[in-house]
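Visitor: Below: sequence and its predicted model.
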Amino acid sequence: MAKNNRLIKALKREEVDRPPVWLMRQAGRYMKEYMAIRKQTPFLELCKTPKLAAEVTLQPYKRFHMDAVIIFSDILIPIEAMGMNLELSERGPVLDPPLRTREQIEKLSIPDPYEKTGFVMQVIKEVKDLINDEVPVLGFAGAPWTLASYMIEGGTSKNFIELKRFLFANPDALHLLLEKIAETVTVYLAAQIEAGADAVQIFDTWAGELSSADYKIFALPYLKKIISHLHQISNCPVILYTNGCAAIVEQMLETGADCLSIDWRIDMAEAKRRIGDRAAIQGNLDPCLLLAPAEIIEARVKENISKFGSGPGLVVNLGHGILPPTPPESVEIFVNAVKNYVKQ
């Protein structure tokens, strides 16, 4: 158990002296320490080099002392292991050729996480050794719907035309893909927990593109399967992040996740009203807030915590990852505003 165990307690909705704080994408391009390594090492190579990935993981913690570290990796790593060609750059991912037929989907494998992605587990072990149980270590993976979006679109997308075409014209093939991804993610996260992750987060970045009805069909069953298995094998808390979650908060609860990580488009007070004490809540400040003056950052942090109200279960975070232009000084202001929060 980590010496600073606020995050795990909050995820389990146990009382803490103050809300824990960490930030999605807290290791990245806004830090000069990270950019110094990236000048010498391509992104995907960095992900696959445990000692370097562990070093990058710990860079923000050494400077800002958040209440957790999240391993440096990428949600698309398991996709490559399933048999797709993957290129990662600062401009975004490229999967070529993208999935367009059932035959392509049938050829995808469900990889052994140790054989194909063992470097991720080694990163967790390296970080655990280096951090000496000071704070919890988070593992993570992409959700089936979100990973399917990249696999079918061939990269990022603004309107998800090819993915939605699959959904409406070839749902059986899409379900086959989602099933394969769910099995892959399940064993991948289980391996991360076995390697020492204290909690894991599932990133469903594009689930907000689904209607509530389609979420129940194409996202919810697969998330339930993953989370149920993880709960069967360990007591490791599971966080579910969904971007654009306002219309599907109640459905997110049905996944069984211990904590719902929400974006900034839903008010924290409304989220607390709808979630109640059925799950912890993580979030949900706009990443652009960190481009604002210090007094605005501090005021918004205090307001966000106050809106959560009484009771345990709040984890302070952004509603998405840190943006590259973010001044490191603003991250320090954000983190310290949480640490110095005094309930009125």
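Guide: Happy to help now that I have it. Numbering: from 1, shown residues only.
Visitor: Tell me which stretches of the stretch 151-300 of the chain form helices.
Guide: 161-169, 171-195, 212-218, 220-233, 249-253, 268-275, 294-308 (DSSP state H, counting those that start in this stretch).
Visitor: Please identify the most buried of those.
Guide: Most buried of the helices of the stretch 151-300 of the chain, by mean neighbour count (mean count of other C-beta atoms under 10 Å): helix 171-195, with a mean of 20. For the C-beta atoms, the positions are set from N, CA and C on the backbone; glycine is no exception.
Visitor: now the angle from that one to helix 161-169?
Guide: Here helix 171-195 points in a direction 120 degrees away from that of helix 161-169 (axes from the mean of the first three to the mean of the last three C-alpha atoms, to 10 degrees).
Visitor: Of the helices of the stretch 151-300 of the chain, give the one that comes closest to Gly142.
Guide: helix 171-195 (7.1 Å; C-beta to C-beta).
Visitor: Out of the helices of the stretch 151-300 of the chain, which is closest to Lys51?
Guide: Within the helices of the stretch 151-300 of the chain, the stretch nearest Lys51 is helix 171-195; the backing value is 15.3 Å (C-beta to C-beta).
Visitor: how about the helices of the stretch 151-300 of the chain in a markdown table, adding distance to Ile131 and mean pLDDT?
Guide: Below are the helices of the stretch 151-300 of the chain laid out as a markdown table (distance: least, C-beta to C-beta, whole Å; pLDDT from 0 to 100):
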| stretch | distance to Ile131 | mean pLDDT |
| --- | --- | --- |
| helix 161-169 | 38 | 96 |
| helix 171-195 | 14 | 98 |
| helix 212-218 | 36 | 97 |
| helix 220-233 | 22 | 98 |
| helix 249-253 | 30 | 97 |
| helix 268-275 | 30 | 98 |
| helix 294-308 | 25 | 97 |
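Visitor: Let's have those in CSV, adding distance to Val69.
Guide: Converted to CSV, the helices of the stretch 151-300 of the chain look like this (distance: least, C-beta to C-beta, whole Å):
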stretch, distance to Val69
helix 161-169, 32
helix 171-195, 13
helix 212-218, 31
helix 220-233, 20
helix 249-253, 25
helix 268-275, 24
helix 294-308, 20
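Visitor: To Lys107, which of the ones you listed lies closest?
Guide: Lys107 sits nearest to helix 171-195 of all these, at 10.3 Å, using C-beta to C-beta.
Visitor: the inter-axis angle of the closest one versus helix 220-233?
Guide: Using the same axes, to 10 degrees: helix 171-195 against helix 220-233 is 20 degrees.
Visitor: coming back round to it: out of the helices of the stretch 151-300 of the chain, which comes closest to Cys288?
Guide: helix 294-308 (10.8 Å).
Visitor: give me every residue that touches the closest residue to Ala219 other than its chain neighbours.
Guide: Leaving aside its sequence neighbours, Ala219 sits nearest to Trp145 (C-beta to C-beta, 6 or more residues apart in numbering; 4.4 Å). Counting by C-beta atoms under 8 Å, 6 or more residues apart in numbering, Trp145 makes contact with Leu178, Asp204, Trp206, Ala207, Leu210, Phe218, Ala219, Tyr222.
Visitor: Could you save the residues you listed as a markdown table and add columns showing distance to Ala197?
Guide: Output for these, formatted as a markdown table (distance: C-beta to C-beta, whole Å):
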| residue | distance to Ala197 |
| --- | --- |
| Leu178 | 24 |
| Asp204 | 18 |
| Trp206 | 24 |
| Ala207 | 22 |
| Leu210 | 28 |
| Phe218 | 27 |
| Ala219 | 23 |
| Tyr222 | 20 |
